[in-house]
Structures are given as structure tokens and as C-alpha cells.
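Colleague: Here is my input, please return the structure:
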Amino acid sequence: MGRRRFVQMAGVVSLALAVAACSDETPEPDPVAESLARTLETGAADVTFTNAAPDDVESELEEVVGNMGEVPRSVEVTDLEPVEDENAYTATFDVEWSLDGATENAGDSEDAEDSGDIDDSGDAADGENAGDAADDPDGSDDAGGDLRWSYTSTARLSLVEDGENGAGAWQVEWTPAVVHPDLESGDRLRMDREQAERADIIGADGEPLVTERDVYRIGVDKTRFDDDATEDEMVSVARELAELVGVDGERLAERVRATGERAFVEAITFREDDAAPVLDEIDAIDGAVALPDMQPLAPTREFARPLLGTVGKATAEIIEESNGNIQTGDVVGLSGLQQAYDEQLRGTPGVSVEIVSEDDDAEPSVVFEQEPEPGEPLAITLDAGLQQRAESVLADVGPPSAIVAVEPSTSRILAAASGPGGEGYSTATAGQYAPGSTFKMVTALALLRAGLDGESTVVCPSTLTVDGREFGNYSGYPDSALGDISLETAIAESCNTALMGERDQVSQEDLVDAGAALGFGLEHQSHIGAFGGSMPREAEGTSHAASMIGQGEVLASPLAMAGVAASVVAGEAIVPHLLDDDTSADADSEELAAPSEPLSGGEAAQLQKMMYAAVEYGSASFLQDVPGEPVGAKTGTAEYGSGDEAGTHGWMIAFQGDLAVAVFVEEGESGARAAGPPLEDFLSGR
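Modeller: Have a look, this model is predicted:
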């Protein structure tokens, strides 16, 4: 809009003459109007007022906008219109507040809630990152996706004599309505920020995995103390409560000291069942409370915790990197899927601006409102029943362990359980271990491609020396399977020396290509921190010989080996995935790698036959009694370390119908003895 002063000047000659009568050099009002706009933006008064001192205006302006927090605003002069028959102008301003990432109600910090530890996975609060503005009383501008509150205000400029040269000077009539047209003396603007409802994480068949569940927020409520209670008394209560619920007493005491006199200082959040045993004891501590609430939680505290991740209060680093979108006190995803898809799950917070009167009995007047928008659910492929079954099987396994189950027909990950021995690490997806003899399915494929078949004769001696280093078979290898045996028997009984003896038939590069045909070493979806397996493309001598049996520099995760078993069933390279539609976390990643020589149906059939043989008469024969469809399997024992640090990993991979499974135990006598019982338990109980 052009400045009307210049458009209308010809039509108000009498006013211009009246103003000019004071002096031939009557000043223009434009600079004063611009200075007032800067005053409204910055709070620093750089104009003269007809009815107030600049310092008083600055103080009142600070009070008017103080509860808006650190929200930038811009003010632009859009019109200057003369007031008829008076030496005055009306200045019109466009005012715009950028509410995106606004801090909630900065003036009420003393009564703000201080949250403590969260004792669960999937615990979530609400989000940030306000989006498009909704309709509001004063209008809003959603250009660029930012949440903006815009309106117009006016101010009166009067020409007064300055007492020096007679030319006069323009001064402003101060009133709070200059800031917002609905403000009166004593009124204040106040902004509130309402966090959005965090969305669920949905599993297979639409079953909610992380959803709202009953919790108790346990902490110290300072309003429960007598007026004459001392800080030391409150700190004593904090320490007593901390000991009861198992949190750091000094940390809780420090927060009690640091918060306002009406604060609730949260110590921990418990699920309803976990809180039940201590509710009476909490009630007996004066000043301690357990507040019922709802939070998004997984079915159990352990349920896929390393994979789903955790949420909690935003760290200083997260806040700094958010460009103002995340504020102190916001709860965000800190790891796993909760972090990778935090923006989607947390939704858009609601923001409202009210005019609050100095009269405590007066109702606030809402001048802007944006309703919170809930987050968008995240659908993943985990099957709740299979995941809980896998976790139950691993519950009593001491060393780090994992069970991964994949559906070969769809490549969906149905379970990815990491045992408690991993202490929160995602052993299932991110672990890197020598896969041992489970890798022999890759070696078998490479030998098939070199011209052998399941009936081809290979030699299985008790020991084999390669470049001066002696290799042997696992402890307890049957004597009946030594000597000249078929390739199928070598796989079924897991003869190390037979496969290492064929090392000249296939190069290291042949092994790498065979692995890729079975999904080994291919890129996985990055958001789950998956390790797809690795091995050197060049190796000779003992290094190449060790690669033939999944040792040396060959590394795999349980997820990678579940993918190998799934590839054998599907007849193509399977890269297990957790999201069917993965467009958020990996939007910039390249297309997943594909094998240079895909697996053929004939090759897959021969590999399946070898794995069935391992159960029919080989090292996995203990699986014969598993109910349901026939089971194919491969045992694996991998040595690691040396001397006193030497040990063995226990592995097994298997398939039954449209299910492929990998089981891993970091320390065990052998694959059959360490990983075999969990595998049998998992398959038999599903």
C-alpha cells in the first residue's frame, strides 16, 4: 500500500498551509513514523511522545510484550493519513509476529514444571515446529510454512512547537493500542504454547505398538508443603523419594533447590503396574505425589527398546540445532525410530495469544489461536506377538543375544529382539560379529557357481593346514562325517576343513558376489542403524581360507544373517526392512545396492535342500521335533580373541514356511548348544 500522505496532499491544501504557517521548513512526519516502527520492534524508544517520557514508554512496552517470550516481530509503516483540520497524522502499521518455535509463556517460569527421569521406552510428550497458522481473530500468514500472527495498528502523530526554530516537531501520542488495537491501559499480551499429541507407532496388521498408556508422574510438589517449610525440608523429602523410586537423590535435590516455590519437580515416570507397589509409600511422604497421566508407551518396558528408541527432554544441543523450533522442556525422540521420525511423530504445537487485563477477575481475550495438530502415526513391520515371544525367549540369556525374524515373501522384519545382556544396545540390527558357519550358505552358493552341486564329493579331514596355520572342526564333530563326503553333508554337518579345502575353487571376490546374491553386505534402511554385513573383496592364504567359514574379516549382524536365510527361501536377495514406505529418514539416500549376479531358483532350491539336511541328519537335528512345517537350519560357531580373551559366538539361522530366523548368543560353547535352545523355543512357541 502506498503512503496516503503523498496521494492526498493535494486535497488538503488548507491543512498543509496551517502546518506551514509555523515555519517554511515544517518537518515531514515520515521519519518519526519509521522510528516508532523500530521502537515497536526493538522496545528501545527513539521518538518523543506527547504524553509520556521515552523511558516510561520503554518500561510499559516491555511489560505489555514480556509474556510473549523470545518471539521476533516486525513492524512496517504502511500508511500516513492527515487528520482533517488538525496538525496531525494517523500512522498505520503492519505488525507481524513470527510464532514458529515460540517459547511458552516466558513470564510464568517460576511455576513451570520441572520434569525428571523417564523410566520407559517410547515415553513421549509433545512436539514443536509450529506449522501453518489456522484462522484467527486478527488473521495470520502461513507463507513459507511459518506460523505468523499479523494485524494492523495505528498511532497519532502531532506537530508541536519545539521552542527553538519555530518549525515544530512531530511527536507520538503513546497508548498500548499502538502495540495492538485491542490493548488498553494495564493490559498485557500473553502467549501460551500447547504441545501436540504424539502419534502412535503402529506394527503389523495395524496393531498399536507405542500408544497412550496409563502412567504415574512421581515427584515433589512444592505446593503441598506448609508455608513455613524450609528448603532443607523439601530437599530431605526429595532424597527420601529418590531412594524409594531409584533415582539420583542429589540430582533431584538440586532441581528442587533450583525451581520456584510452586513448582512440581518430577523424579520419574512409572507405568501404572510399576507404580502400584510404591503408591502407598509415596502418599506417606509429605510433599511427594504420584500424578496419574497418560504417555505413549510400548507394550512392555523392554519391547524393541533399542529399535523403537526413547524420548525425553530436549538437550541443549538439540535445542541449539533446531533453529528455534524446539524449546526448553520439549520432549523429543532421542534415539532409534523415535529420533529418526521425531518430526512426524510429535506433530505441530498449538499457540494462542491472549490479552490479559490487570483486573484479575476479567477473562482473558483470545486474539490469536492455532490449534495443535497431532503427529502422524509411523507404521512399521514388527509383529507384536513375535517380538514379545523373542524377548521372552532371551530374557534369561546372560550374554548379549538377539533373535531376528524376517518374512521372506515380503522381506518385512517381524521381530528384532536384543537380549538384556546387551544393556540397551541393538545387538539384533547393529551388532558386528564373525558369523561362523552360518556363513557357509554363502560359501555353498559360491561353490555351486564354481560347478559343484550337493552331491559333489569334498574331503573333510580332521585338520587342515593353510600357510602353516592349522584349522580344525568344531568340538564334537562326528567321525562318521570325516573323509570323502558330499557337499550337502559338509554343510549339514558343518565341516570346516572340507570347505576350506575348496578355497581354490572360488576367489574372495566370488564369495563377496555370492554374499550379495543372498543379501549379505547390501545396504539397509539407515534409520534402524542396521549393519548388513561386510567382508574384504581381496584376501589370500589363511585370510581367504578363514572367509570360507565365516571367520577372519567377515562380519555380520543377526539381521544380516536372517536376511541370508530369507534369501534362501525367497530365491532372491532379501534386504529386510522395517518400514514398507520409507520416505522420511532415507529420503536422500541412494537406491539400495543390488547383487551383480542374482540368485537363481535352482541355486535357491539346492541351498534349501542343504539346510533341510542339517535338520534331517546333521548338526541341527534337535529341531526335528519343532511342530508345524519342516525346518531348514544351519548352525554356526565363531571363534574370537586369543589366549585368555578367546571365546566363541553361538549362531543359528533357520527357516520354517514363510519365516526366516537368526539367533545369536555372544558367548557359548557352540552354535547348537548356545543358540540352538533359544531357536527351538522360539519356533515351538509361536
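Colleague: Can you show me the helices along the stretch 51-200 of the chain?
Modeller: For the stretch 51-200 of the chain, helices defined by DSSP state H, counting those that start in this stretch occupy the ranges 54-65.
Colleague: avg pLDDT for stretch 319-328?
Modeller: The average pLDDT for stretch 319-328 rounds to 80.
Colleague: Ignore what I typed, I meant stretch 661-673.
Modeller: Taken as a whole, stretch 661-673 has an average pLDDT of 94.
Colleague: and that stretch, how far apart are its ends?
Modeller: Using Cα to Cα, to the nearest Å, one end of stretch 661-673 lies 17 Å from the other.
Colleague: and the closest residue to Glu194 other than its chain neighbours, how many residues sit next to it?
Modeller: Using Cβ to Cβ, 6 or more residues apart in numbering and skipping the chain neighbours, the partner closest in space to Glu194 is Gly350 (3.9 Å). (Each C-beta comes from the backbone N, C-alpha and C, glycine too.) Using other Cβ atoms under 10 Å, Gly350 has 19 other residues around it.
Colleague: what do you get for Asn51?
Modeller: Asn51, neighbours per other Cβ under 10 Å, totals 12.
Colleague: Am I right that it is in contact with Val178?
Modeller: No - look at Asn51 against Val178 with Cβ atoms under 8 Å: they stay out of range, at 11.8 Å.
Colleague: can you give me the helices in the stretch 451-600 of the chain?
Modeller: Secondary structure of the stretch 451-600 of the chain, counting by DSSP H, counting those that start in this stretch: helices at 487-493, 496-501, 508-517, 541-547, 558-570.
Colleague: Quick check: buried residues in the fourth one?
Modeller: Right, helix 541-547. Across helix 541-547, burial judged by 16 or more other Cβ atoms under 10 Å covers 542-547.
Colleague: any idea of the mean pLDDT for stretch 193-208?
Modeller: 91.
Colleague: now the end-to-end length of it.
Modeller: 28 Å.
Colleague: If we go by neighbour counts, what in that stretch is buried?
Modeller: 193, 195-204, 208.
Colleague: And stretch 206-226, by the same measure?
Modeller: Under 16+ other Cβ under 10 Å, the buried positions of stretch 206-226 are 208-211, 213, 215-222, 225.
Colleague: Report the distance from that stretch to the chain centre.
Modeller: 21 Å (Cα atoms, centre = their mean, to the nearest Å).
Colleague: sorry, back to before: between the helices of the stretch 451-600 of the chain, which one is nearest to Lys609?
Modeller: Judged by Cβ to Cβ, the one of those that comes nearest to Lys609 is helix 487-493, at 6.8 Å.
Colleague: CA atoms only: put that closest one into CSV for me.
Modeller: Written as CSV, here are the backbone C-alpha positions of helix 487-493 (Å, rounded to 0.1, in the frame of the first residue of the first chain):
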residue,chain,number,x,y,z
LEU,A,487,29.0,-81.0,-0.3
GLU,A,488,25.5,-81.4,1.2
THR,A,489,26.9,-83.4,4.1
ALA,A,490,29.7,-80.9,4.5
ILE,A,491,27.0,-78.2,5.0
ALA,A,492,24.7,-80.3,7.1
GLU,A,493,27.4,-81.5,9.5
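Colleague: and that helix, what other elements does it pack with?
Modeller: helix 440-449, strand 457-460, helix 496-501, helix 601-616 (3 or more Cβ pairs under 8 Å, 6 or more residues apart in numbering; DSSP states H and E).
Colleague: Now render these as CSV, adding mean pLDDT, distance to Gly636 and mean neighbour count.
Modeller: Formatted as CSV, those follow (pLDDT from 0 to 100; distance: least, Cβ to Cβ, whole Å; neighbours: other Cβ atoms under 10 Å):
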stretch, mean pLDDT, distance to Gly636, mean neighbour count
helix 440-449, 98, 8, 26
strand 457-460, 98, 17, 18
helix 496-501, 97, 11, 25
helix 601-616, 98, 11, 19
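Colleague: how about these, which one is nearest Pro558?
Modeller: Using Cβ to Cβ, the helices and strands packed on helix 487-493 put helix 440-449 closest to Pro558, at 14.7 Å.
Colleague: Following the record's annotation, map out the domains of this structure.
Modeller: 4-100+137-187, 194-378, 384-660 (automatic domain parsing).
Colleague: now the second one, how far from the centre of its chain.
Modeller: With Cα atoms, centre = their mean as the basis, domain 194-378 stands 17 Å off its chain's centre.
Colleague: Do me a favour and get the end-to-end distance for that domain?
Modeller: 22 Å.
Colleague: can you count the residues close to the residue nearest to Leu61 when sequence neighbours are not counted?
Modeller: Using Cβ to Cβ, 6+ apart and skipping the chain neighbours, the partner closest in space to Leu61 is Gly43 (5.4 Å). If you count neighbours by other Cβ under 10 Å, Gly43 ends up with 16.
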